[in-house]
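Peer 1: mind looking at a prediction? Sequence and model below.
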Amino acid sequence: MLVTEGLLALAFVLHLAWPTLGDWPFVAATLVGLVPILQGAWRALRVYNPFTIEMLMSIAALGALAIGAAAEAAVVVFLFAVGELLEGVAASRARRSISALSELTPSTARLMENGEVREVSAASLQPGQRVLIRPGDRVPCDGRILAGQSELDESPVNGESVPRSRFPGDDVFAGTVNLDAALEVEVTRGAEDNTIARVIRLVEEAQAAKAPVARFIDRFAYYYMPAVVGLALLMAVVPPLVSAMSWSESVYRALALLLIACPCALVISTPAAIAAGLSTGARHGLLIKGGAVLEQLGKLRLIALDKTGTLTAGTPKVTDVEAWTSGQDENDILRLAASLERGSSHPIATAILARAEQLGLSPAEVGEGRVLAGRGVTGRVVGRDLSLITPRHLQELSTLSDDRSQRIAALEQAGKTLAVLVEGECALGLIAVRDEPREDAHEGLLALSRLGVQAVMLSGDNARTVAATGGILGIEAHGELMPEDKAQRIRRWQAEGRGPVGKVGDGINDAPALAAAEVGIAMGGGTDVALETADAALLKNRVSGIAELIDLSRATLRNVKTNVALALGLKAIFLVSTALGITGMWIAVMADTGATVLVTLNAMRLLSYCPGPKKSQRAASAGPGLRRLPT
C-alpha cells in the first residue's frame with residue numbers, strides 16, 4: 001500500500017511539473033500497483049475461479065487505462081490497496097498471544113516419592129503421582145487433594161472473583177494458585193491433557209474451524225461479470241445478424257457497454273465503507289479486527305457475556321455490615337474486622353479494608369494474628385481474642401438463633417460472601433461482600449435489547465452468585481461453567497439456530513468461548529489472551545460498547561448497500577441507454593467517474609457517525625424489557 005501511495009503522489013507531482021509527460025506517470029503507477037492484484041487474479045483463474053474481486057479490480061484499472069483515464073486508474077488501485085490493508089489487519093496480528101496460556105502452568109513441580117520431595121519438570125507428571133503444593137505456589141497439574149485444606153485462587157480457570165476453599169477429596173486445576181496452606185495432591189491428568197492444555201487446544205480448534213466471511217462483491221461478481229461479458233458479446237454479434245446495423249456500430253456499442261459496466265465504483269464501494277467504519281470505531285474506542293468482523297457484528301442475535309470483570313467490576317465490595325450485640329455498632333464491627341485483615345491481600349480482606357478506609361476507620365494493632373486455613377483469620381485486638389470466619393465454620397463454635405441463621409441464608413442466597421466476627425463462642429456481627437454490577441451494565445444491556453439482541457450470562461462463578469447477579473440485571477444466567485462448558489454452550493446455541501452468537505469476556509477462561517463464537521469481543525481491561533483471541537475489543541472497557549459495535553456494523557452495512565445501489569443503479573441506466581445507442585463512450589467515462597465519486601463521498605459520511613443509542617432512544621424512560629433466553 002505504501003508503494004502504491006508513493007507512486008500515486010509521484011505521478012501527480014510529475015504530471016504538474018512536466019505536463020509534456022502526459023498520462024505516463026499515472027500509467028506507470030497503475031501498472032506497478034496492479035502487479036499483486038493481477039497475481040491474485042491469475043492464481044484464482046488457475047483454479048478455475050475467474051469471478052474474484054481481484055479480477056474485477058484488474059478489469060476496472062485496465063479498462064480505465066484503455067480509455068485514457070490513467071489518473072482515475074491509479075487512484076482506484078490506491079483505494080483498493082487501502083481497503084485490502086485494513087481488511088488484513090487481523091491476519092497480520094495472528095493472535096500470537098495464545099502462547100501466554102501455557103505460561104500459567106509452572107515449569108516445575110515438587111514430586112513426593114519414597115518419603116522424599118524432589119523438584120521435577122511439571123510436563124513429566126503422570127496420573128497417580130503425588131505432588132506437594134506450598135502456599136503461594138501455582139498448581140502444576142490437574143489433581144485431587146489427598147491431605148490439607150486451603151483457599152485457591154481459581155480466577156485464571158473459571159473467572160471467579162473470590163477464592164474457593166478446597167478440602168481433601170476436592171479437585172484442583174492446573175494454573176490456579178494455592179493461597180493459605182500446603183496441599184498434598186494426586187495427579188489425575190497428564191500435562192498434555194490438563195485444564196490449561198485443553199483450553200489451548202479448544203482455542204486453536206475453534207479458530208481453525210472458523211471460516212472467513214465471504215465478501216459481498218466476490219459473491220456478486222460471480223454472477224455480474226459473466227452476465228456483462230455475455231451481454232457485450234451479444235451486443236457485438238446479434239444486431240448485425242438480425243438488423244441493418246453495421247458491425248462497426250455494434251462493436252462500438254459493445255465496447256461502450258463494457259466501459260460502462262467496468263466496476264470501478266462497485267469495487268471501491270465496499271472497501272471505502274469498511275475503511276471508514278473501522279476508522280470511526282477506532283476513534284470511539286472500538287477495535288475491530290477487519291472488515292469481515294465488522295460485517296458479522298451487525299448480524300448478531302445473541303450475546304453471551306462473562307460475569308466477573310465484564311458485567312461486574314471484578315472486585316468484591318462490602319454490601320452489608322451488621323452488629324448482633326449491644327454496645328457496638330456497624331462501624332465497630334467493620335473496624336475490628338479490618339484490624340484482623342490488616343496486611344492481607346485476600347479479596348474479602350481488600351474489600352473490608354477499602355470500606356473501613358472510606359469511612360475513616362483506623363484498624364487497631366493485632367497480636368498473635370494467624371490464618372485459619374480455609375476458615376478465616378484470628379488474632380488479639382485491643383485485648384480481645386477475635387476471629388473472622390465463614391458461616392460454615394461458625395457452626396463448629398456456637399449455635400445461632402433461627403433469625404440469624406435465616407439472615408445468613410438470605411444473604412448467601414443473594415450471592416454474597418459472608419465473614420462473621422466472633423469472640424469466643426459469641427458472634428458479634430457479620431460483613432457481606434459481593435462483586436457488584438458495573439455502573440453501565442444496565443444501560444449496556446438495555447441498549448442491546450433495543451437493537452433486538454438477546455443477552456445471557458455465562459460464568460465460572462458459583463451458581464448462587466451468578467443467579468443473584470442475573471436477577472439484578474434481568475438476564476438469563478448460567479454458573480459454575482468451566483472454559484470448555486462455555487464453548488460447548490456457544491456451539492449448542494449455534495446448532496439450534498439461535499445465532500449468530502457473540503461472546504464477551506475478559507479472562508483466559510473466556511478464550512475458548514471467544515474463539516467458538518461467530519464474533520468474540522474482549523473487554524479492554526482483560527488479559528492479553530482474551531484480547532488476542534477476540535475479533536473485537538472494547539478499549540474503553542464499557543458494557544455499552546457492545547451495542548455501539550453492533551450499531552456501527554449495521555450503519556456500515558447500510559452504507560455498503562447504498563453504495564452498491566448507487567453504483568449499480570447508474571450503470572443500469574447507462575447500460576440501457578448505450579444498448580439503445582443514446583449514449584456513447586465519453587458518457588461511459590463520465591458515468592463511471594461520477595459513480596466512483598458518489599460512493600466515495602457516501603462512505604466518507606461514516607467518519608462522522610456516532611455509534612450507540614440515538615438521542616430518542618436515550619431519552620426514552622423505558623425501553624423494551626430484557627428478553628430471557630428460552631430454556
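Peer 2: Arrived safely, thanks for sending.

Peer 1: may I have the secondary structure class of residue 244?
Peer 2: Put simply, residue 244 is coil when judged by DSSP: H, G, I helix; E, B strand; the rest coil.

Peer 1: list the contacts of it.
Peer 2: For residue 244, no contacting residues are found, by C-beta atoms under 8 Å, 6 or more residues apart in numbering. Yep, even glycine has a C-beta here, placed from its N, CA and C like the rest.

Peer 1: now swap in residue 458 and tell me
Peer 2: By C-beta under 8 Å, 6+ apart, the residues touching residue 458 are 304, 305, 306, 307, 478, 481, 486, 489, 503, 513.

Peer 1: closest to residue 278 among these?
Peer 2: Using C-beta to C-beta, residue 503 is the member of the contacts of residue 458 that sits closest to residue 278, with 20.9 Å.

Peer 1: contacts only, for the closest one.
Peer 2: Residue 503 makes contact with 303-305, 458, 486, 490, 510, 513-514, 516-517, 519-521 under the criterion C-beta under 8 Å, 6+ apart.

Peer 1: repeat the analysis, applying 6 Å as the threshold.
Peer 2: By C-beta atoms under 6 Å, 6 or more residues apart in numbering, the contact set of residue 503 is 304, 513, 514, 517, 520.

Peer 1: now swap in residue 153 and tell me
Peer 2: Counting by C-beta under 6 Å, 6+ apart, residue 153 touches 163, 177, 179.

Peer 1: quick one: least confident of those residues?
Peer 2: Lowest in pLDDT among the contacts of residue 153 is residue 163, which has 83.

Peer 1: and the residue nearest to it when sequence neighbours are not counted, which of the three is it?
Peer 2: Distance criterion C-beta to C-beta, 6 or more residues apart in numbering; nearest residue to residue 163, sequence neighbours excluded, is residue 151 at 4.2 Å. Put simply, residue 151 is strand when judged by three-state DSSP.

Peer 1: is residue 151 bridged to anything, and to what?
Peer 2: Note on residue 151: beta-bridge partners by DSSP bridges are residue 165.

Peer 1: show me what contacts it?
Peer 2: By C-beta under 6 Å, 6+ apart, the residues touching residue 151 are 163, 165, 179, 180, 374.

Peer 1: and the residue of the chain most remote from its centre, its phi and psi?
Peer 2: For the chain, the residue at maximal distance from the C-alpha centroid (C-alpha atoms, centre = their mean) is residue 244, at 64.6 Å. When quoted as degrees, to the nearest 10, the phi and psi of residue 244 stand at phi -90, psi 10.

Peer 1: thinking again about what came up before, per-residue pLDDT, the residue nearest to residue 163?
Peer 2: 87.

Peer 1: look up how far residue 375 lies from it.
Peer 2: Per C-beta to C-beta, to the nearest Å, residue 151 is found 9 Å from residue 375.

Peer 1: go on, residue 287?
Peer 2: Residue 287 sits 44 Å away from residue 375, going by C-beta to C-beta.

Peer 1: go on, residue 186?
Peer 2: Look at residue 186 and residue 375: by C-beta to C-beta, they are 24 Å apart.

Peer 1: hey, which helix or strand in the protein has the poorest pLDDT?
Peer 2: In the chain, the helix or strand scored least confidently by mean pLDDT, DSSP states H and E is helix 89-93, which has a mean of 39.

Peer 1: next helix or strand past it?
Peer 2: strand 108-113 (DSSP states H and E).

Peer 1: okay, now residue 145: neighbour count?
Peer 2: Number of residues near residue 145 (other C-beta atoms under 10 Å) recorded here: 20.

Peer 1: fine by me, thanks again.
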